[in-house]
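In: build the 3D model from these lines:
(chains A and B, ligands or ions: 2)
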Amino acid sequence: MRDNLAVMMKDVVKRFKKVTALNKLSFKVPEGSVYALIGPNGAGKTTTLRILSGLVKPDSGEVKVLGFRMPEEKEKVRGRISYLPEDAGLYQRLTGWENLLYYAMIYYGRDRANEIAEQGAKISGLSKKDLSRKASEYSKGMARRVAIARALMVGSELVILDEPTSGLDVFSSYRIRRMVREYVNETGSTVILSSHNMLEVEAICDYVALINKGVIVAEGSPERLKENYGGRNLEDVFISIVGEGS
Amino acid sequence: MSLYPVLWKELKDMLRDVRTLAAIALMPLIMMPLLGISSIYAQQLQPGVVVVVDDDKACGSIGNILNISSSELKTQIIDALRNGGYLVITHEERNNKLVPDLKVVIPRSFIANLTSFNRTAVVRIVKNVASSKADQAVNIVNSVLAQYSRKVSEAKVEYLGELSSIKLRPDSVLNPILTATVFVGPQGGQVSYAESIRIAIARLLAFSLIFVTTPSTAYITDSVIGEKERKTFESLLATPVPRWALIIGKILSTSLVGLITGLADAAGLILFFTLPSMTYGINMFGYITPSLIATHALAVYLSVLASLAIILPLVIRSGSYRVAQTFSLIVIGLASLVFFMALYVDLDKITPAIVRYILYAIPYTHAVGMIEHIVTNEFSLVTTHLIAMLVIIGVLLWLSLKLFNEEKIIYSKT
Ligand SMILES: Nc1ncnc2c1ncn2[C@@H]1O[C@H](COP(=O)(O)OP(=O)(O)OP(=O)(O)O)[C@@H](O)[C@H]1O
Ligand SMILES: [Mg+2]
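Out: Ligands and ions are numbered 1, 2, ... in the order given. A predicted model of the protein is given here:
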């Protein structure tokens, strides 16, 4: 049963000893869309994305990813999603190219690895020469670009990106945004991302969910949200909602 | 298939750091021969000091059969001690700078007592209890005295025989009972003198396993904690790579370090025998057999595999190098305990039985067992220990897989 939803979360609760990270969080992500989670630090974005990736078990609530129940069917989900953690690193002693090749092999096996990694090289926008250098020699932005490419190149049905463009220069973020948008348009896959960059969210996302203290406090297309909260841009919306709440 | 990418990446990652690998291979190559000759060298570098004093300065004879003198005995003692590597000082040239380990005094009337038929001659030995070298020197002096004493008693018996006109052989008077010494192996079977040496060597080899378990545990720590610190683990855990492939891939690749140490250890083993042979002209090559070298290398490799299998589940849940290294240290400590015990006791003979069963649950016991039984050609016992070791490693790997928990890994404290 796919009911055209890439992701469905219902009343999800996740507690760490004293902190309640997610407090009955619910939202749905339609297939073929770019969906953004925005919210202040500590709101629960990373926790949500980790639950979707099958790395963290919710205490209660219902989670479905690509029609599979999580975490029970996480093994089936793993091959169909890719996940970029918020501070994902690269293997320092391997070259950028080898970093791509490793994941290409994991997802596609040895035979198709080169072809997939080529794809990644293109997405990263790094030159052949740069890709043949060891990752330990990369700047923060270069490393991030390889990490994003690693997540996008495998062509997953659902791509989960935790703050994909943090630490990137204006030009690189712009490129990545365009790649994400194109990726969704061309493949019909779904991207769910978290971001602190309102400009970015407005530019590429079909839907935005504002999350605060572990619950969704507002949801809709950027246009709808601006309309409903009477802001000129998403930043105004964000400030008015989160400001009211705290 | 799923294992290939992990192995590919881990090996690439490891082999990029050739210097550390070379250092690891070098360690046993240096340690083993050092272990072999250090004891001998130590003795050479720091000779024990013995003072030999002749207060009697007398001659005597037993009938017409034997002429003896105190100076002759003194010379024999001095020669034997010098051959044994001791610094010998006679009374005349004695200076006060050296504290002797031992003092040997031939007292007055020694020769008179020795040649008489109703008194006993005494040699006084003053032993420095704080000295580790004194015991050996006492042994040397005693063996000279025993020989001398024997010579004198043979002469006395012969002389008495002459006087009493009894036809006699000194041996049948002095030594009516003969003992014949045979060496027995750990299983009670008779072994040759050469085999008794091999058993001693096996114990030393088992002990040397201490040196090989350490480097590979450092590698597995780096392989896991490194992924956590450089934030590569979380994205890897979200990929379809099977958990077993991660565990086996990491263990197999880091066990390559074990393979390198195993081979280096075998090479070191050969050096271990070569150096003393060249330096002291003792031929010890007869004692190393291909089967001993092969078994030793296998025991090394399996000990490394076992260490990795024990440490991995602990390390995988610890957030920092510090915690991980503490765990590794505990495991290595446990291993060292077994290897150290192997130096002194036969692990298969320990009582009460409960202690033995506890030891059998520790994989290192079986590595020791393999080495100790191969020298006595007890192949079925070698095989038993080998199988036991493989089973324990298998159980540990299975536990690793059962204990694998992504959430605990991601949220492990740093
Ligand atoms: N291991 C942990 N132990 C205790 N509390 C935790 C742990 N991890 C997260 N939390 C808490 O859970 C809440 C949500 O954290 P989360 O990382 O999901 O926030 P976030 O929205 O991603 O924030 P940011 O924008 O800073 O990345 C926070 O209050 C945080 O303190
Ligand atoms: Mg976060």
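In: what does chain A put close to chain B?
Out: Neighbours of chain B within chain A, by CB under 8 Å from any CB of the partner chain: A:16, A:50, A:53-57, A:78-79, A:81-85, A:87-94, A:98, A:102-103, A:105-107, A:109-110, A:147, A:150-151, A:160. C-beta here means a position set from N, CA and C on the backbone, and glycine is covered the same way.
In: can you flag the buried ones in those?
Out: Buried members of the residues of chain A next to chain B, scored by 16 or more other CB atoms under 10 Å in any protein chain shown, are A:50, A:53-57, A:78, A:81-85, A:88-94, A:98, A:102-103, A:105-107, A:147, A:150-151, A:160.
In: show me what contacts the residue in the stretch 301-414 of chain B that chain A sits nearest to?
Out: Per CB to the nearest CB, residue B:406 is where the stretch 301-414 of chain B lies closest to chain A, at 4.6 Å. Contact partners of residue B:406, counting by CB atoms under 8 Å, 6 or more residues apart in numbering or on different chains, are A:54-56, B:237.
In: can you pull the pLDDT of the residue nearest to the spatial centre of chain A?
Out: With distances taken as CA atoms, centre = their mean, residue A:161 lies nearest the centre of chain A, 1.8 Å away. Residue A:161 is assigned a pLDDT of 96 by the prediction.
In: how about residue A:228?
Out: For residue A:228, the pLDDT comes out at 87.
In: again, but for residue B:37
Out: 66.
In: element containing the closest residue in space to residue A:207 that isn't next to it in sequence?
Out: Distances taken as CB to CB, 6 or more residues apart in numbering or on different chains put residue A:35 closest to residue A:207, at 4.8 Å, once the chain neighbours are dropped. Assessed by DSSP states H and E, residue A:35 sits inside strand A:34-38.
In: quick one on the thing from earlier: how about the residue nearest to residue A:207, what does it touch?
Out: A:7, A:29, A:190-193, A:205-209.
In: surely residue B:101 meets residue B:131?
Out: Yes. Using CB atoms under 8 Å, residue B:101 is in contact with residue B:131, at 3.9 Å.
In: common neighbours of the two, please.
Out: residue B:48.
In: where along the stretch 1-150 of chain B do the strands fall?
Out: Under the criterion DSSP state E, counting those that start in this stretch, the stretch 1-150 of chain B contains strands at B:49-54, B:59-62, B:66-69, B:87-90, B:102-106, B:124-127.
In: pop the domain breakdown of chain B in here.
Out: Following automatic domain parsing, chain B resolves into domains at B:3-41+B:192-411, B:48-174.
In: reformat those into CSV and put distance to residue A:43 next to each item.
Out: Formatted as CSV, those follow (distance: least, CB to CB, whole Å):
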stretch, distance to residue A:43
domain B:3-41+B:192-411, 18
domain B:48-174, 71
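In: and those: which comes nearest ligand 2?
Out: Among those, the nearest to ligand 2 by CB to the ion is domain B:3-41+B:192-411 (11.8 Å).
In: quick check: end-to-end length of that closest one?
Out: 26 Å (CA to CA, to the nearest Å).
In: for residue A:167, identify the helix or strand it belongs to.
Out: Applying DSSP H and E, one finds residue A:167 in no helix or strand.
In: give me the number of residues near it?
Out: 14 (other CB atoms under 10 Å in any protein chain shown).
In: wait, doesn't it sit right on residue A:141?
Out: Yes. Between residue A:167 and residue A:141 there is a contact under CB under 8 Å: 6.0 Å.
In: nearest to ligand 2: which residue in chain A?
Out: residue A:46 (3.1 Å).
In: list the contacts of that residue.
Out: A:85-86, A:162, A:194.
In: and what of residue A:146?
Out: Residues near residue A:146 by CB under 8 Å, 6+ apart: A:90, A:96, A:99-100, A:120, A:124, A:126, A:131, A:135, A:138.
In: 10 Å instead?
Out: A:88, A:90, A:95-97, A:99-100, A:120-121, A:123-126, A:130-131, A:135, A:138 (CB atoms under 10 Å, 6 or more residues apart in numbering or on different chains).
In: distance check, the residue nearest to the spatial centre of chain B against ligand 1.
Out: What sits nearest the mean C-alpha location of chain B, by CA atoms, centre = their mean, is residue B:204, with 2.6 Å. Noted for residue B:204: a distance of 49 Å to ligand 1, by CB to the nearest ligand atom, to the nearest Å.
In: so that residue belongs to a helix, correct?
Out: Yes. With DSSP: H, G, I helix; E, B strand; the rest coil as the criterion, residue B:204 is part of a helix.
In: out of the contacts of residue A:35, which are buried?
Out: Here, 16+ other CB under 10 Å leaves A:7, A:29, A:190-193, A:205-209 buried among these.
In: what do residue A:167 and residue A:141 both touch?
Out: residue A:173.
In: my guess is residue B:21 contacts residue B:260. True?
Out: Yes. Counting by CB atoms under 10 Å, residue B:260 is a contact partner of residue B:21 at 6.5 Å.
In: what touches both of those two?
Out: residue B:215.
In: those two: which is more packed in?
Out: residue B:260 (21 against 17).
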